[in-house]
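A.B. asks: Give the three-dimensional model of this entry:
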Amino acid sequence: MAAGDVMDQQEQPWSRRRLRSTNERLLLDRLRTLGTASRAQLARETGLSKPTVSSALASLETAGLVHEVGTHAPERGRTAVLYAPDPAAGHALGVDIGRGWLRVAVVDLDGTVVARADVRNRARASAALAGLVVDTARQVIANSGVDPAEVVHGVVGTPGVYDEQRRRVRYAMHLPGWGRAGLVDRIREELGVPLEVHNDANLAALGEYTYGVGAGSRLFAYLLIGTGLGMGVVSEGRLFTGAHGLAGEIGFLPWPGRRKPEHLEGAVSGVAVVEAARHFGMSGQLTAKAVFDAARQGDPAAVRAVELEGERIAHTVAAATAVLDPDLVVLGGGVGHSVDLLLGPVQDRLRALTPLRPRIAPSRLGEDAVLLGAVATALDTARELVFARRTAEQAAGHRP
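C.D. replies: Got it, this is the predicted structure:
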C-alpha cells in the first residue's frame with residue numbers, strides 16, 4: 001500500500017465529518033432563508049441528493065437545531081414533512097446605551113423579541129451606568145424565561161468608539177466617565193455573556209439595513225441626530241468603519257461658530273435646536289421635542305430654529321455625499337423623528353449647496369434602530385456559536 005493511500009485513509013474520517021458539517025450548515029442557512037421547507041425542496045434548492053438531505057436533517061433535528069413544523073399535501077404525490085430552524089436553540093442579547101434611555105432585549109434565533117425593557121438612564125456616574133446595564137440585562141433575561149446559559153452572545157451599542165486594545169470607550173462625551181477603563185469588562189464579567197461593543201450610529205445603520213428603509217441599498221448613510229451627532233455607513237450590506245473604527249464620526253468635522261470654530265456636532269443636534277430657539281426668542285424649559293412641537297403650531301421662533309437645523313443637516317448631507325456617494329441618506333435619532341418638518345428645508349438647502357442629491361428618508365425604525373442593529377449583529381455570531389456547540393455536543397454523544 002502506498003504512503004499516499006494510507007494518508008488518504010487517515011484523512012477520510014475527518015473529511016467525512018467536515019463534509020457532514022458543511023452540508024448541515026448549508027441546509028440550516030437555506031432553511032433560515034426559506035422559513036420552512038420539505039426534504040425534496042431542500043434537495044432542489046441546494047443541489048444535494050435526497051439521501052444526503054435526509055441524513056443531514058436527521059442530524060440537525062437530533063442536535064435540536066431544526067424541528068418539524070407541519071406537513072404539505074400536494075395535489076399529486078406524497079404528503080411532505082416540513083422543517084424549520086428551531087428558534088429556541090439559543091438566544092442573543094441586544095443593548096442600546098443612550099444618554100436618556102437604556103434599551104435591552106433578548107431575542108431567539110429567529111430574531112423574535114422574547115423579553116425587553118426600556119428604562120430611563122438617570123445614572124450620572126459611569127459606575128452607576130454599568131450597574132444599570134447589568135441589572136436591567138439580568139432582569140430582561142429572567143423575564144424571558146430563558147436559561148442564562150442559552151444567551152450565547154450579546155452586542156452593546158454606545159456613543160463613541162470602543163478601543164479593544166485599551167478596553168475602554170472613547171469619544172463618548174455625553175456619558176460622563178464612560179471612557180474609564182474596566183467598565184465594559186465589569187459588565188461582561190457580571191453578566192456572564194460574551195459581549196461585543198459597537199458605536200450606536202453604526203448599529204443603527206445595520207438595523208435600518210436589516211429591518212428598515214435601508215434594505216436593498218447599495219450604499220447608504222444613517223445620520224443619528226440626537227444628543228450628539230453620528231453617522232453609520234453600510235456598503236453592500238457590510239458596515240464601513242475605517243482603519244481605526246472612527247469612520248462616521250462626522251460630529252468632529254469643523255464648523256464655523258459665532259465666536260470661535262466648533263465641531264459640527266455642536267451645530268447639528270438636539271442641543272443646537274434648543275440654542276437656536278432661544279436665540280430667536282423662545283423661553284422657558286425647552287427641549288428639542290418642545291421646539292419641534294411649537295414649530296408645528298406655527299411659533300415663529302421655533303419655525304426659524306427648525307429651518308436653521310434643516311440647513312445645517314443639509315450641509316452634513318452634502319459633506320457625506322461628496323465623500324461617499326450614497327444612494328440613500330437616512331435621518332434618525334431624536335431630531336430625525338421630526339423629518340416631517342425637516343425634509344423640506346434639508347432638500348431646499350441641498351439643492352443650493354451641491355449637484356449631488358441622494359434620496360433622503362426618515363428612519364423606519366425610529367428609536368429602536370440602535371437596539372435592532374445590536375440584535376441583528378448579535379444574531380450573526382449567536383447562530384454560529386449555537387451551531388458549533390450543538391453539533392459538537394451531538395458528536396460527543398451528549399444529545400440523544
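A.B. asks: distance between the helix or strand hosting G310 and the chain's centre?
C.D. replies: Using DSSP states H and E, G310 maps to helix 300-324. Relative to the centre of its chain, helix 300-324 is centred 26 Å away, using CA atoms, centre = their mean, to the nearest Å.
A.B. asks: Same check on stretch 116-131?
C.D. replies: Centroid displacement of stretch 116-131 relative to its chain, using CA atoms, centre = their mean, is 20 Å.
A.B. asks: and if you look at stretch 230-242?
C.D. replies: Distance of stretch 230-242 from its chain centroid, counting by CA atoms, centre = their mean, is 11 Å.
A.B. asks: ok, the helix or strand just after the helix holding G310: who's next to it in the sheet?
C.D. replies: On the C-terminal side of helix 300-324, the closest following helix or strand by DSSP H and E is strand 328-332. Take DSSP bridges as the rule and strand 328-332 pairs in its sheet with strand 219-225 (parallel), strand 359-362 (parallel).
A.B. asks: okay, the angle between strand 328-332 and helix 300-324?
C.D. replies: Using axes from the mean of the first three to the mean of the last three CA atoms, to 10 degrees, the direction of strand 328-332 lies 140 degrees away from that of helix 300-324.
A.B. asks: Alpha carbons of strand 328-332, as CSV, please.
C.D. replies: Taking Å, rounded to 0.1, in the frame of the first residue of the first chain, the C-alpha atoms of strand 328-332 are listed here in CSV:
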residue,chain,number,x,y,z
LEU,A,328,-29.7,56.9,0.3
VAL,A,329,-29.3,59.1,3.4
VAL,A,330,-31.5,58.1,6.4
LEU,A,331,-32.3,60.6,9.1
GLY,A,332,-32.7,59.1,12.5
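A.B. asks: So, low pLDDT: which residues of the stretch 301-400 of the chain?
C.D. replies: For the stretch 301-400 of the chain, the stretches flagged by pLDDT under 70 are 397-400.
A.B. asks: now the strands for the stretch 51-200 of the chain?
C.D. replies: All strands of the stretch 51-200 of the chain, identified by DSSP state E, counting those that start in this stretch, fall at 66-72, 80-85, 91-97, 101-108, 113-120, 151-158, 161-163, 168-170, 195-199.
A.B. asks: So for D348, which of those sits nearest?
C.D. replies: strand 195-199 (30.6 Å; CB to CB). From N, CA and C alone the C-beta is placed, and that goes for glycine too.
A.B. asks: Each with direction, which strands does that closest one pair with?
C.D. replies: Here, using DSSP bridges, strand 195-199 pairs with strand 151-158 (parallel).
A.B. asks: For stretch 210-230, measure first residue to last.
C.D. replies: End-to-end distance for stretch 210-230: 19 Å, by CA to CA, to the nearest Å.
A.B. asks: average model confidence for it?
C.D. replies: Confidence for stretch 210-230, expressed as mean pLDDT, is 93.
A.B. asks: Over to stretch 192-206?
C.D. replies: According to the model, stretch 192-206 has a mean pLDDT of 95.
A.B. asks: residue contacts, R186?
C.D. replies: By CB atoms under 8 Å, 6 or more residues apart in numbering, the residues touching R186 are 130, 134.
A.B. asks: do you know how far it is from G216?
C.D. replies: From R186 across to G216, the span is 40 Å (CB to CB, to the nearest Å).
A.B. asks: How about V306?
C.D. replies: 31 Å.
A.B. asks: of those two, who's got more company?
C.D. replies: V306 (26 against 10; other CB atoms under 10 Å).
A.B. asks: Can you verify my assumption that L356 contacts A318?
C.D. replies: Yes. The criterion here is CB atoms under 8 Å, and L356 meets it with A318 at 7.3 Å.
A.B. asks: Can you tell me, leaving aside adjacent residues, what's nearest to V213?
C.D. replies: R364 (4.4 Å; CB to CB, 6 or more residues apart in numbering).
A.B. asks: Okay then, goodbye and thanks.
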